[in-house]
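Chemist: give me a 3D structure for the following:
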Amino acid sequence: MTNKVMTSIKLQKSLHYKMQQRIISDGYGMRGKSRWIVEAITSFLELPDFPALVDIAGDMNQLNEIISIRLPESLMAKIDQAIIDIRRHYPAMEGVKSNLIRASIMQRLIRKATSVTE
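Modeler: Predicted coordinates for the structure are as follows:
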């Protein structure tokens, strides 16, 4: 079994609700939130333009919902490397890890919705 790291992020109430709905509709169940988010982050980090998408997520406001997630240590190492890459492009950005996770969630919601209609 892989070691997990617990982390928390803040989300907008509407984004949190949409994510919960998608997790359930995708068949992950109530206990599948972390797995769904891990998959979202993993696919997000494969996007060539992910630093710009993280910058966009930094503009979110009204972050009132706190969620806790368990991430594998191997994914945390990839996130740490991505933070370095993002800081090269956006040195003044704050809250990079949280913005990266928020952007991952948003992109999974958006990309799944668009791929269904294509």
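Chemist: what sits against the closest residue to Gln62 other than its chain neighbours?
Modeler: Nearest in space to Gln62, with sequence neighbours left out and distances taken as C-beta to C-beta, 6 or more residues apart in numbering, is Gln12 at 5.5 Å. Any C-beta I mention is one placed from the backbone N, CA and C, and that applies to glycine too. The neighbourhood of Gln12, defined by C-beta atoms under 8 Å, 6 or more residues apart in numbering, consists of 60-65.
Chemist: which neighbouring elements make contact with the helix or strand bottoming out on mean pLDDT in the chain?
Modeler: Sorting the helices and strands of the chain by mean pLDDT, DSSP states H and E puts helix 96-117 at the bottom, at a mean of 81. On a contact count with 3 or more C-beta pairs under 8 Å, 6 or more residues apart in numbering; DSSP states H and E, helix 96-117 meets strand 4-11, helix 13-25, helix 33-44, helix 50-57, helix 73-89.
Chemist: which among the ones you listed is found nearest to Arg108?
Modeler: Checking the helices and strands packed on helix 96-117 against Arg108 by C-beta to C-beta gives helix 33-44 as the closest, at 3.8 Å.
Chemist: what does that closest one contact?
Modeler: Outside helix 33-44, the residues within contact range by C-beta under 8 Å, 6+ apart are 19-20, 22-23, 26, 28, 50, 53, 67, 69-72, 75, 78-79, 100-101, 103-105, 107-108.
Chemist: now those: which count as buried?
Modeler: Among the contacts of helix 33-44, those classed as buried by 16 or more other C-beta atoms under 10 Å are 19, 22-23, 28, 50, 53, 67, 69, 71-72, 75, 79, 100-101, 103-105, 107-108.
Chemist: quick check: which ranges of this protein have low pLDDT?
Modeler: 1, 112-118 (pLDDT under 70).
Chemist: nearest residue to the middle of it?
Modeler: Centroid check for the chain by C-alpha atoms, centre = their mean gives Ile101 as the closest residue, at 2.6 Å.
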